[in-house]
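J.: with the input below, show me the fold.
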Amino acid sequence: MNALWHGFADMGAVTRDGAFVVARGDGAYVYDTDGNRYLDATAGLWFANVGHGRGEIADAVAEQLRTIAHYSNFGDLTEPATQELAEKLSAIAPVPGSKIFFTSGGSDSVETAAKLARRYWHEQGRADKKILVGRRLAYHGMHYASTSLGGLTPNKEGYGVLVEDTRTVEWNDAKALLALIEDVGAERIAAFFCEPIIGAGGVYLPPEGYLAEVRQICRDHDILFVADEVVTGFGRIGGSWFASTRFDLQPDLMTTAKGLTSGYLPMGAVFIAPHLAEPFYAGGVWFRHGYTYGGHAGAAAAALANLAIVEREGLLEEAARLETTLHTALAPLADHPRVAEVRSGLGAVAAVQLADPAEGPGLVKALRAQGISGRAAGAGAMQISPSFVMTDAQVAELADGFSRALG
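T.: Got it, this is the predicted structure:
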């Protein structure tokens, strides 16, 4: 019996080999149903920034649920926790005075940004600006617009054209964006979507100066710049709340999720710069879009407790420490014959790129045998995105586990 259909899975293999059931977590470790302990190399799916098993967050959620779990944020409705969280996020936003639109997760956030970008230009009397631009290797989620925007071909296969007027440019060449603008015309392009670090596509760090260059190109051609910080937001980049702050990107729109609640409850948020929000705040213009659980009060309570932990325990600085520690500890793995390269040195992320991408699933299981829970992303890139509470000793444990698993 196998009623659960897993996401991104060969269900034939799962049915044959069985599922890896994670029963509980504590800090940087997770445990299976037999009580075996594994160092969590990926913080779940990039999100457990404060680590697992934080009773403080659970208590905050329980208190909120006993008061009111959720009501609605449509029209003039909201809840105190949701209002408080919006003010908190606006206060730490890369663009001062940003407005906050809550969603249920990262794909929702990207979908919201895509619709809002087109709608903004419509309100400016420039309805021809419809084209949405993404990058090769980028992952922006799994809804219609986000699938179309993404630059991972396997994620698009078998669906046909989902959203018209989307384009893809090379991930690491700002001149490719400029060439597209010259080809189709800036007057037709609504927005450029950019992950500061390519995440699920394989953990690719931006080339020196790339982010500043594409940001300026967007300014010069009146194209909205959308920073997709679903992975990098809330400290993952190291030392700052957002990559957009660290690199002074001042995005028109910024999509977030994951680290907002550290995964304790599903929630996302779109940060909207004041100039983009202005037509809708002036009155008389509705953005007819929203989600039943957007701004969920219980999720807002989780987010507030999560962000309080990050601040109290200095976890932005701990992420900056991990940036250096991961880079140093993992570098020797690049000399292994099964490893093509190690990508690290920016934020609490890294990738051990296998020379043969087909070895990824096997290495995931080999890592488990060494007490490491890992994941293959992109084409054979072993994702490393630990909780910010991971110690230097645990990073050494992680590197040793990889070395043993590689053989």
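
J.: packing partners of the helix or strand encompassing Gln216?
T.: If you go by DSSP states H and E, Gln216 is part of helix 210-220. With contacts taken as 3 or more C-beta pairs under 8 Å, 6 or more residues apart in numbering; DSSP states H and E, helix 210-220 sits against helix 174-184, strand 189-194, strand 224-228. (C-beta placed from N, C-alpha, C; glycine too.)

J.: could I get it in CSV with only the CA atoms?
T.: Output of helix 210-220 as CSV, limited to C-alpha atoms (Å, rounded to 0.1, in the frame of the first residue of the first chain):
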residue,chain,number,x,y,z
TYR,A,210,26.3,40.1,-12.6
LEU,A,211,23.5,41.2,-10.2
ALA,A,212,24.5,44.8,-10.3
GLU,A,213,24.7,44.7,-14.1
VAL,A,214,21.3,43.1,-14.7
ARG,A,215,19.7,45.4,-12.1
GLN,A,216,21.0,48.5,-14.0
ILE,A,217,19.9,47.1,-17.3
CYS,A,218,16.4,46.8,-16.0
ARG,A,219,16.5,50.4,-14.7
ASP,A,220,17.8,51.7,-18.0
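
J.: please identify the buried residues of it?
T.: 210-211, 213-215, 217-218 (16 or more other C-beta atoms under 10 Å).

J.: now for the helices and strands packed on helix 210-220, which one comes closest to His52?
T.: Among the helices and strands packed on helix 210-220, the nearest to His52 by C-beta to C-beta is strand 224-228 (25.3 Å).

J.: next, count neighbours for Asp222.
T.: 13 (other C-beta atoms under 10 Å).

J.: pretty sure it is touching Ala190, no?
T.: No: the pair Asp222 / Ala190 is not scored as a contact, 10.1 Å apart, by C-beta atoms under 8 Å.

J.: buried sites along stretch 331-338?
T.: 333, 336.

J.: any idea how far that stretch is from the chain center?
T.: 27 Å (C-alpha atoms, centre = their mean, to the nearest Å).

J.: just the terminal-to-terminal distance for it.
T.: Distance between the two ends of stretch 331-338: 14 Å, counting by C-alpha to C-alpha, to the nearest Å.

J.: how confident was the prediction at Met1?
T.: As predicted, Met1 sits at a pLDDT of 63.

J.: for Ala48, that is, sorry about that
T.: 98.

J.: how much space separates it from Gln216?
T.: 35 Å (C-beta to C-beta, to the nearest Å).

J.: same question for Asp26.
T.: Counting by C-beta to C-beta - Asp26 and Gln216 are separated by 45 Å.

J.: same deal with Phe234?
T.: To Gln216, Phe234 is 26 Å away according to C-beta to C-beta.

J.: what do you get for Gly75?
T.: Taken as C-beta to C-beta, the span from Gly75 to Gln216 is 39 Å.

J.: can you pull the buried residues of stretch 285-293?
T.: Neighbour-count burial for stretch 285-293, counted by 16+ other C-beta under 10 Å, picks out 287, 290-291, 293.

J.: just send the helices and strands packed on helix 210-220 back as CSV, with mean pLDDT too.
T.: Listed next are the helices and strands packed on helix 210-220 as CSV, based on pLDDT from 0 to 100:
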stretch, mean pLDDT
helix 174-184, 98
strand 189-194, 98
strand 224-228, 98
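
J.: out of those, flag the one nearest Arg16.
T.: With C-beta to C-beta as the measure, strand 224-228 is the member of the helices and strands packed on helix 210-220 nearest Arg16 (35.4 Å).

J.: and the contacts of the closest one?
T.: With contact meaning C-beta atoms under 8 Å, 6 or more residues apart in numbering, strand 224-228 is reached by 94, 110, 113, 117, 120, 138, 140, 190-196, 214-215, 218-219, 242-244, 249, 251-255, 276.
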